[in-house]
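Undergrad: from the sequence below, what's the structure:
(2 chains)
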Amino acid sequence: MDMADTSVIQQHLIDPEICIRCNTCESVCPVQAITHDSRNYVVDAAKCNLCMACIAPCPTGSIDNWRTLPRVRAYSLDEQLGWEELPAALPLDDPALVPPEPFGEVQAAQHVNATLPPWSAAHAYTNLYGPKATASSITAQVVGNVRVTAVGKEYDTHHLVLDFGLLPFPVLEGQSIGILPAGQDGQGRPHYARQYSVASPRNGERPGYNNLSLTVKRVLEDHQGRPVRGVASNYLCDLQVGDKVEVIGPFGTSFLMPNHPRSSIVMVCTGTGSAPMRAMTEWRRRLRQSGKFEGGKLTLFFGARTQEELPYFGPLQNLPKDFIDINFAFSRTPGQPKRYVQDMMRERAADLGPLLADPDTYFYVCGLKSMEEGVLAALRDVAQHAGLNWVKLAPMLQREARLHLETY
Amino acid sequence: MNSINYSEKIPNNVNLAEDRTLQRALEGWQPNFLAWWGDVGPEGSTDHDVYLRTAVSVDPQGWAQFGHTKMKDYRWGIFLNPGDAERQIHFGDHKGERAWSEVPGEYRANLRRIIVTQGDTEPASVEQQRHLGLTAPSMYDLRNLFQINVEEGRHLWAMVYLLHKHFGRDGREEADALLERRSGDVNNPRILGAFNEQTPDWLSFFMFTYFTDRDGKFQLSALAESAFDPLARTTKFMLTEEAHHMFVGESGISRIISRTVAAMNELKTDDVTRLRAAGVIDLPTLQRYLNFHSSVTVDLFGSDESSNAATFYSSGLKGRYEEGKRVDDHQLRGQTYKVIEARGGQLVEKDVPMLNALNEVLRDDYIKDSVAGIGRWNRVIEKAGIPFRLSVPHKAFHRNIGALAGVKVSPDGRLVSEAEWKANRDQWLPSAEDRAYVGSLMGRVVEPGRFANWIAPPAMGINRQPVDFEYVRFN
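TA: Residues are numbered from 1 along each chain as shown, chains lettered A, B, ... in the order given. Sure, this is the predicted structure:
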């Protein structure tokens, strides 16, 4: 998905008229996204990971303010530091907020995205390591680092395995962890943490071992295609087996898989958004192998520019069709028309419709922010094709925690 | 250990169960605490289910759990911020040494005194505020009052834990005495003057939480730097709770101002008599209450020159506000600081050794912080287009402690004669008439979403609940 950055974000802001400058938010933020001067407390949109750790502790409620606006127009720290009051929200019909294609009455992601886990999800542990935990970080050892895209291609994606030895670091599929890159930034401060989704199932990348895997794409350019070296991704991709890494987390309490028998999962992802899908798929595969799972269908929609960009879903392509139904969409295959995940989903409307209607089916979307609207529009069309009322269905999906979006 | 063992009588994250002696001592103190709460805690509140925030652990998810609960069933517990085994003392003569996990013998008496003085303010304010529930301006405000009360109770627990754990028999006796002193009692008063004053009405309460709880914030911040690690970790966590108290004060006054300026614009007047007839609190009265609470709180920081303050700092017991963020040698020997004294009919500055002036340093940091909030109140007035500004009185105004005690100074910092003081006293401090007027406004308004006439509703409710949420269920 290489659309120009027209993505719209929910920017987290603090209301300076209500805030009493008590510093609570800054002290609890696990990724140091909040800072202040003598006048205002402000949130850095580039660092905030919307983990909500600051929301409940804020005594005033001033922390709970959001503005929908294009990513490129996000308020800078300097702008926020100068505020005496919050700027007005952009009107919903502001041209900047209108998506490039007409998507009809598709709800914005925040109105359909579940905030709670499925009822049968396992309990997730969070924030075991971090600034407010007993230990500010946990040291993991790199026990594997493999390039999974062909050398010589511009895409350099790594499969990284971290081992925690004897220390506790329980994670579930769909959770993420924070990596503290070694070294300091230009101002001589330690780098802030970057979040990565766990790509391995709960019982370890290698079953029975205290390890987990990550999918890391080396960042060499920004969303606009300008050259920039991603601090954490380059740090991780360059690690050698035996190196030590400082980790915080785990994070995430809602993007979790259902565990009840016959629950089905639909996974929609692009690029390294495949990490949690790999984790869920592998956990189901292990359950199936051990004969402990009664059924439930897995459906995957995976978008990439070309076949070569696909990170290591390779082995999973050999899985039996009655276990997982895999649909690839390539947007840059020479000589072929561009195909996005939402195109694939529309094509498979006849199969997806019954899954949307089935209360035991859960939907997971992970990848770049810009895929969100297209995927939601496709789901709406699938619903209408199946005679379902999307306007009623969407809030129900959210309420029953059946639709989870994680985009960045 | 961040999680709390609820199977124990006393929720805690300090492995209380592993120290049977301590656990039994605290379990012995607990019924006395509950008896004290029943005796002089919030009046007539026994059966109310209050929408309270309870800390169940010290991580972000844990310390802001909301739900309806009876106050006597509130889980008063013992929570310390996570420790750092490598933590070093970062100021004073012991700078660079490992922080203490036990009390060094030579500092025992001073540390006990610091902890008892801090601890004494917590039950004192509960006692001062015990009748306010009967005249709450709204259910929302009633809930906020009760939240403050239970958290002051928890802060008492925090100090009592330190006394029991680290000070042996003396500590246990001091812990008992904390429940025996009473605010305003002639025979057995609370230790600090401001905590024996009455909190007769909600204007006083909001001013108290704005000014006097902010003194708490600065004292706790200074103790959070302490070389005695358990004290530092305890007070760090208390600070997170203290923020709510200052919010109640700052937003409470802000809402009063908001209502007053609305009435001024409706009636197109700044005439005090007409505004009082309309049942709102005029801005000059707010200024006089502000003068009073600001000045009595400024006294709480102690004498401007104090050898105790120097000792506390040099021995590492109590640091400065944000000690860790300051760039100096953190030992302060040979440095000076300016304090004010009255000489030759004028207020003049003089240089004194910095170490002896640390009370003054903390006082000045406090004043700077309280001025910032008053700027935000003034923006409410400014937005309404009214040419009146509230201001903090000069720090020499109305002082009863230190070199300035009893010196007659106007709010703008002029030394004045006894006659001028007498003539203007009622312009500068709340008069009996002001207090009677404010008292006359106090009536109980507790239907969800309704507010007394003299105060505007808040911009938002607590914990994302609507303003008209049923914050207190009367049973």
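
Undergrad: pretty sure residue A:237 sits against residue A:218.
TA: Yes. Between residue A:237 and residue A:218 a contact is recorded at 4.6 Å, counting by C-beta atoms under 8 Å. Glycine gets a C-beta too; all of them are placed from N, C-alpha and C.

Undergrad: shared neighbours, these two?
TA: Counting by C-beta atoms under 8 Å, 6 or more residues apart in numbering or on different chains, the shared contacts of residue A:237 and residue A:218 are A:156, A:158.

Undergrad: let me see the mean pLDDT of stretch A:240-260.
TA: Stretch A:240-260 shows a mean pLDDT of 94.

Undergrad: actually stretch A:200-207, sorry about that
TA: Average pLDDT, stretch A:200-207: 93.

Undergrad: again, but for stretch B:360-378
TA: For stretch B:360-378, mean pLDDT is 94.

Undergrad: is chain A contacted by it?
TA: Yes. Applying C-beta under 8 Å from any C-beta of the partner chain, one finds stretch B:360-378 in contact with chain A at B:372, B:373, B:376.

Undergrad: I'd assumed residue B:339 was in a helix, is it?
TA: No. Judged by DSSP: H, G, I helix; E, B strand; the rest coil, residue B:339 forms no part of a helix; its state is strand.

Undergrad: these two touch, right, it and residue B:357?
TA: Yes. With contacts counted by C-beta under 8 Å, residue B:339 reaches residue B:357, the gap being 5.6 Å.

Undergrad: overlap in contacts, the two.
TA: Contacts common to residue B:339 and residue B:357, judged by C-beta under 8 Å, 6+ apart, are B:304, B:305.

Undergrad: could you check which of the two is surrounded by more residues?
TA: Set side by side, residue B:339 and residue B:357 show more neighbours around residue B:357, with 25 against 22, by other C-beta atoms under 10 Å in any protein chain shown.

Undergrad: report all helices and strands that the helix or strand harbouring residue A:344 contacts.
TA: Using DSSP states H and E, residue A:344 maps to helix A:341-347. Applying 3 or more C-beta pairs under 8 Å, 6 or more residues apart in numbering or on different chains; DSSP states H and E, one finds that helix A:341-347 contacts strand A:264-270, strand A:298-304, strand A:324-330, helix A:371-385.

Undergrad: so which of the ones you listed comes closest to chain B?
TA: Chain B lies closest to helix A:371-385 among the helices and strands packed on helix A:341-347, at 24.3 Å (C-beta to the nearest C-beta).

Undergrad: packing partners for the closest one?
TA: Contact analysis of helix A:371-385 by 3+ C-beta pairs under 8 Å, 6+ apart lists helix A:109-112, strand A:264-270, helix A:341-347, helix A:349-357, strand A:361-367, helix A:390-399, strand A:403-407 as its packing neighbours.

Undergrad: which residues does the fourth one contact?
TA: Outside helix A:349-357, the residues within contact range by C-beta under 8 Å, 6+ apart are A:264, A:266, A:297, A:299, A:325, A:345, A:361, A:363, A:379, A:381-383, A:385-388, A:393.

Undergrad: out of the residues you listed, which end up buried?
TA: Buried members of these, scored by 16 or more other C-beta atoms under 10 Å in any protein chain shown, are A:264, A:266, A:297, A:299, A:345, A:361, A:363, A:379, A:381-383, A:386, A:388, A:393.

Undergrad: which stretches of the chain have low pLDDT?
TA: Let's take chain A. A:1-8, A:92-110, A:150-154, A:223, A:309-317 (pLDDT under 70).

Undergrad: you answered for a different chain; I wanted chain B.
TA: The model of chain B has pLDDT under 70 over residues B:1-8.

Undergrad: show me where it has its strands.
TA: With DSSP state E as the criterion, chain B has strands at B:49-54, B:65-70, B:336-343, B:346-353, B:472-473.

Undergrad: and the stretch 101-250 of chain A, by the same measure?
TA: For the stretch 101-250 of chain A, the strands defined by DSSP state E, counting those that start in this stretch occupy A:138-147, A:157-163, A:176-180, A:194-197, A:211-217, A:244-251.

Undergrad: so for the third one, what gets flagged as buried?
TA: Along strand A:176-180, the positions that meet the burial threshold by neighbour count (16+ other C-beta under 10 Å) are A:176, A:177, A:178, A:179, A:180.

Undergrad: thinking residue A:163 is in contact with residue A:206, fair?
TA: No. Using C-beta under 8 Å, residue A:163 makes no contact with residue A:206, being 9.0 Å away.

Undergrad: more neighbours: the two, which one.
TA: Using other C-beta under 10 Å as the criterion, residue A:163 and residue A:206 rank with residue A:163 on top: 18 against 15.
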